[in-house]
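*Asks:* sequence and predicted structure are below.
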Amino acid sequence: MKNICLLGKGNGWILAALFILVGLFAAPATAQKIKNDKLRTTYYKTPLLALTPKYSSYSIEYDCGDRIVLAGEWPQLSSLEFKKADGDLNLKMRVKSVYSADKVLKLDQSDGKQRGYYNVTYKADYGYDLVDKASGNVIASYKRAGGVFSTPSFDSKTEMNMYMKNALESDLIKYLVEKVNDRVSYDLVPNKYAVRLVANTVEGTAPAYQEIYKASANLWRLLPVPNPIKKNYSKPPPCGKTI
């Protein structure tokens, strides 16, 4: 029987795995054999809501307060046409009221030379609203008010102070614009992720184990890649691949 421990995302699979684990620990202590198998599969994440066929186009507005910031590549909503204005949906993205609230000095010795950087605690109003143009209703949104940003590393305190004075705010705004872009893509666009699974094969004769086997076997059959990955520790994997 297979007991799945997911090393990826997906609440349904996790709940199923927890159910199997609870049953395993509740089973009577009888002779059993446990073996681990490692597998790769793909986790598919659907958008928060279906945009088609109700909507066919979208437009984007950026609000960075009184700052002019290059937004980079704008998010692309799958199956919808991008219009400079008057789309069926208006994606309003904002990064405003950004300021540094606190900073903590950290040391970086990763390259053999000691350098310094700051972990900056910032406050900001950033996020997005996806608005139905016809009704004016917000159909999806995301909002945050702060976080922590790590500056680049510097060789001297003078360089660090110059950066904090002249470049921090601009870099922080660009960082938050990118975060909002990424969040839009995560929330509103179909995504897929490569994930690893660990399968514990438990063999036993107790009735409880048979019930566990039935539940876990049904779950196992849903996986796109049923075959275990064979790991050979005596030689490295092929160039360009990781196991």
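*Replies:* Thanks, I have it.

*Asks:* can you give me the pLDDT of Leu77?
*Replies:* As predicted, Leu77 sits at a pLDDT of 88.

*Asks:* Ala29 now?
*Replies:* 51.

*Asks:* over to the one 10 residues further on?
*Replies:* The model reports Leu39 with a pLDDT of 70.

*Asks:* swap in Ser141?
*Replies:* Note on Ser141: pLDDT of 95.

*Asks:* for Ile243, same thing?
*Replies:* 27.

*Asks:* can you list the domain ranges for the protein.
*Replies:* Listed domain ranges for the chain are 2-45+192-220, 57-189 (source: automatic domain parsing).

*Asks:* least reliable of those domains going by mean pLDDT?
*Replies:* Among those, domain 2-45+192-220 carries the lowest mean pLDDT (a mean of 60).

*Asks:* mind listing the strands for this structure?
*Replies:* Secondary structure of the chain (DSSP state E): strands located at 2-6, 32-45, 57-63, 81-82, 89-108, 115-132, 138-150, 191-204.

*Asks:* and among those strands, the most buried is which?
*Replies:* Comparing the strands of the chain by mean neighbour count (mean count of other CB atoms under 10 Å), strand 2-6 ranks first with a mean of 20. (Each C-beta comes from the backbone N, C-alpha and C, glycine too.)

*Asks:* residues in contact with stretch 148-156: which ones?
*Replies:* By CB atoms under 8 Å, 6 or more residues apart in numbering, the surrounding residues in contact with stretch 148-156 are 106, 108, 113, 115-122, 160, 163-164, 168, 171-172, 175.

*Asks:* that should have said stretch 184-196, apologies.
*Replies:* 6-9, 38-49, 51, 75-78, 91, 93, 128, 130, 140, 142.

*Asks:* gap between the two ends of it?
*Replies:* Counting by CA to CA, to the nearest Å, you get 25 Å between the two ends of stretch 184-196.

*Asks:* swap in stretch 39-52?
*Replies:* So stretch 39-52: terminal residues 34 Å apart, CA to CA.

*Asks:* got the strands of the chain as JSON lines, with distance to Ser156 columns?
*Replies:* Below are these laid out as JSON lines (distance: least, CB to CB, whole Å):
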{"stretch": "strand 2-6", "distance to Ser156": "46"}
{"stretch": "strand 32-45", "distance to Ser156": "44"}
{"stretch": "strand 57-63", "distance to Ser156": "36"}
{"stretch": "strand 81-82", "distance to Ser156": "45"}
{"stretch": "strand 89-108", "distance to Ser156": "13"}
{"stretch": "strand 115-132", "distance to Ser156": "8"}
{"stretch": "strand 138-150", "distance to Ser156": "18"}
{"stretch": "strand 191-204", "distance to Ser156": "41"}
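
*Asks:* no further questions, thank you.
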